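[1] Build me a model:
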Amino acid sequence: TTDRVRRLQAAEATAGPSAGPVGTRSQAAWITERVFPGASASLLRPPGRARWKSPLRYGRLSAGLDASYAVTTSGRLRRVTDWVPLAKVQSVRYVQGPVQRRLGLASIHLDTAGRSVFAVLRDRDEREAAAWFATLPDACRLARAEAPPTPAS
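    Residues are numbered from 1 along each chain as shown. A predicted model of the protein is given here:
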């Protein structure tokens, strides 16, 4: 049993931050509204040709932006939703691998400080990805300018 406890502790240590492990969609929406007040990003599905690159993930892929947050959903076996405050984004990367290039797709990576907070707007149409890549740096700058100042410690 101690080996099992160690494995559970190791799994908890490597797990990323989450709002809760299990719940209904309405419970998740209730929690999301409290954690991310005013977040209203409408999620867009990827083009159908993304199914060729990500057949297991395609049904759960979506991405969206509002003035304060980037939102992505993904997952092969279960849906994972990531909310990233635009004010905290430190870099924006346009990524297009060989399979994506062949299918006319691209991904946008939004990185923040630390390893566990990021978002990937995965397998988007390359024109849509290029448009997001062009506008995201300004949106992040604007979100930082409008964010309330953090207290100095």
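[2] any idea how far Trp132 is from the spatially most central residue of the chain?
    Centroid-nearest residue in the chain: Ala119, 3.1 Å away (criterion: CA atoms, centre = their mean). Applying CB to CB, to the nearest Å, one obtains 11 Å for the distance of Ala119 from Trp132. C-betas here are computed from N, CA, C, even on glycine.
[3] Doesn't the residue nearest to the centre of the chain belong to a strand?
    Yes - secondary structure of Ala119, determined by DSSP: H, G, I helix; E, B strand; the rest coil: located in a strand.
[4] ok, it - contacts?
    When contacts are counted by CB atoms under 8 Å, 6 or more residues apart in numbering, Ala119 is found next to 63, 70-72, 82-84, 109-110.
[5] For it, name its beta-bridge partners.
    Per DSSP bridges, residues listed as beta-bridge partners of Ala119: Leu110.
[6] quick one: it and Pro149, what's the gap?
    Here the distance between Ala119 and Pro149 works out to 24 Å (CB to CB).
[7] In this structure Tyr58 contacts Arg51, no?
    Yes - taking contact to mean CB atoms under 8 Å, the distance of 4.4 Å between Tyr58 and Arg51 places them in contact.
[8] With adjacent residues omitted, what lies nearest to Leu105?
    Asp123 (4.9 Å; CB to CB, 6 or more residues apart in numbering).
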